[in-house]
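Predicted model, plus sequence, below.
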2 protein chains.
Amino acid sequence: MYRVLIADDHPLFRRALREAVDSTGEDCELIECEQLDQALAIITHQQPDLLLLDLKMPGSSGLAGLAQIRSAYPELAVVVVTASEDGTVASRVRQLGALGFIPKSASIETMTQALRSVLQGKLVFPEFVSQTPDELTRKLASLTPQQLKVLVLISEGALNKQIGYTLDIKETTVKSHVRDIFRKLDIINRTQAAMVIQQLQIPD
Amino acid sequence: MYRVLIADDHPLFRRALREAVDSTGEDCELIECEQLDQALAIITHQQPDLLLLDLKMPGSSGLAGLAQIRSAYPELAVVVVTASEDGTVASRVRQLGALGFIPKSASIETMTQALRSVLQGKLVFPEFVSQTPDELTRKLASLTPQQLKVLVLISEGALNKQIGYTLDIKETTVKSHVRDIFRKLDIINRTQAAMVIQQLQIPD
DNA sequence: AGACTTCCCCTCCTTTAGTAGGAGAGCAGC
DNA sequence: GCTGCTCTCCTACTAAAGGAGGGGAAGTCT
């Protein structure tokens, strides 16, 4: 009995994913949400076994969300389902520890088969996915969950004080995180930090 | 007798553009360059009548470069030639005052015809180009040439001091420009300024 | 000539950012 | 137990950013 969370802002596509999950023949309880922060809340409280994640959702499009989830819940199995066919995106998804990458152009049957493979413990990625590690992704994966949260808020133009308020920590703590982030990403100020996140966005 | 500057980093495509210009039947002197800063230098010193500009060149991909050129040399005729087929990009190009938008997928004959039309004073844009003004582009177009230079440097993570050194102006002057930029763009800090530029990047 | 814009520079001031170094609590794994 | 990691918070400091306001020079446009 698996608990599966589908995170996608598109209702029709959620339906397609439901079908694909049902067709695997596994006994699955389905949960759905439309936004990344909803997904994070559900993961915390309901502890699903598998997450089907769209990379482009309102509020947070890109790999930062995946990095946050993977960092905070390393035991959770994640399969990325996205409209992007980009090879760079797929290999970064792999590097961040996702178990599969399914293009939205795939048929329901293909998705079903891919999900079956993942549930059997196999990795499911397109052949063209590069194996060579990406520097940027590697650095991103080295950040702790809290550091990723801070980084995302920096990239939204937030002040340290605002970040502290949002995460309910002191501004001095924020500064500590910021300094550690700079060191890990090998940058010197928050403007550059913001651009790291921007580079991980998924183009429309 | 027209002086035409071709700014594109792809040699084969520059050749195609040369052919297209030659085929117009106009008497044209051709100049070529591969990077945006080269283009800016050539415009300053050789004062071409027409610029064929690729949006994606090493160093500066996106609409910021076009905005800089349009702002600094409003009399120069610019035709954007790009691999992007995106409608948003095309309408922004139009809003920034370019005279034409030619997809790289077009045939040489199509390009030739488009260039003829532009030389006759016509605007050449795909039909799907939206007419409704884009807020972001409107704000960007309101910046002075120097402010655009400062904005681009901000988006590269440069300090005010570095910007002053690069543009050979005092840091206090940089601060004045920065403040004016914030007011025009309706933002409050340089991190947000950097993301404005990032949003105008051309996706790969 | 007058109005206007742009650019440059200035002072004075407050706030924010960033550096350096340390330290305690909690928690997982060995 | 011990180690290591993470998160938290602290002090004290320097550097950078940002706000308000003004002023002068050069050019353009009417």
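Here it is on my side, so go on. What you are looking at is a predicted structure, and each value in this text was computed from that prediction instead of being measured. Residues are numbered from 1 along each chain as shown, chains lettered A, B, ... in the order given.

Tell me which residues touch the residue of chain A found nearest DNA strand D, please.
Proximity of chain A to DNA strand D (CB to the nearest atom of the strand) peaks at residue A:144, 2.8 Å away. Just so you know, the C-beta spots here come from the backbone N, C-alpha and C atoms, and that holds for glycine as well. For residue A:144, the contact set (CB atoms under 8 Å, 6 or more residues apart in numbering or on different chains) comprises residue A:71.

What values do phi and psi take at it?
Backbone torsions for residue A:144, taken as degrees, to the nearest 10, come to phi -80, psi 160.

Also residue A:51?
Dihedral pair for residue A:51: phi -120, psi 130, per degrees, to the nearest 10.

show me what contacts it?
Applying CB under 8 Å, 6+ apart, we find residue A:51 in contact with A:4, A:5, A:7, A:39, A:43, A:69, A:76, A:77, A:78, A:79.

what's the spacing between the host helix or strand of residue A:150 and its chain's center?
Using DSSP states H and E, residue A:150 falls within helix A:145-155. On the basis of CA atoms, centre = their mean, to the nearest Å, helix A:145-155 sits 14 Å off its chain's mean C-alpha point.

how does chain A divide into domains?
A:2-119, A:142-199 (automatic domain parsing).

now these as CSV including mean pLDDT?
Converted to CSV, the domains of chain A look like this (pLDDT from 0 to 100):
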stretch, mean pLDDT
domain A:2-119, 92
domain A:142-199, 97
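
Save these as TSV, and put in distance to residue B:166 too.
TSV is the format used below for those (distance: least, CB to CB, whole Å):
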stretch	distance to residue B:166
domain A:2-119	30
domain A:142-199	15
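
The residue most central in space within chain A: what secondary structure?
Residue closest to the average C-alpha location in chain A (CA atoms, centre = their mean): residue A:66, at 1.3 Å. On the three-state scheme (DSSP: H, G, I helix; E, B strand; the rest coil), residue A:66 is labelled helix.

what residues are up against it?
Residues in contact with residue A:66, defined by CB under 8 Å, 6+ apart, are A:53, A:55, A:78, A:80, A:93, A:96, A:98.

A helix includes the third one, no?
Translated: residue A:78. No: using three-state DSSP, the assignment for residue A:78 is strand, not a helix.

My read is that it contacts residue A:71, right?
No: applying CB atoms under 8 Å, one finds residue A:78 not in contact with residue A:71, separated by 11.4 Å.

What residue in chain A is the furthest from its centre?
Farthest-out residue of chain A from its mean C-alpha position, per CA atoms, centre = their mean: residue A:172, at 28.1 Å.

element containing that residue?
Counting by DSSP H and E, residue A:172 is found in helix A:171-185.

which other helices and strands contact that helix?
With contacts taken as 3 or more CB pairs under 8 Å, 6 or more residues apart in numbering or on different chains; DSSP states H and E, helix A:171-185 sits against helix A:135-141, helix A:145-155, helix A:160-167, helix A:190-199.

Any part of the first one near chain B?
Right, the one you point to is helix A:135-141. No: using CB under 8 Å from any CB of the partner chain, helix A:135-141 stays clear of chain B, with a minimum separation of 14.1 Å.

got the buried residues for that helix?
By 16 or more other CB atoms under 10 Å in any protein chain shown, the buried positions in helix A:135-141 come out as A:136, A:137, A:140, A:141.

same thing with stretch A:170-190?
For stretch A:170-190, the neighbour count (16+ other CB under 10 Å) marks A:173, A:174, A:177, A:178, A:181, A:184, A:185, A:187, A:190 as buried.

Return the distance of the fourth one relative to DNA strand C.
Read that as residue A:178. 5 Å (CB to the nearest atom of the strand, to the nearest Å).

before we move on, what about the third one?
Residue A:177 sits 10 Å away from DNA strand C, taking CB to the nearest atom of the strand as the criterion.
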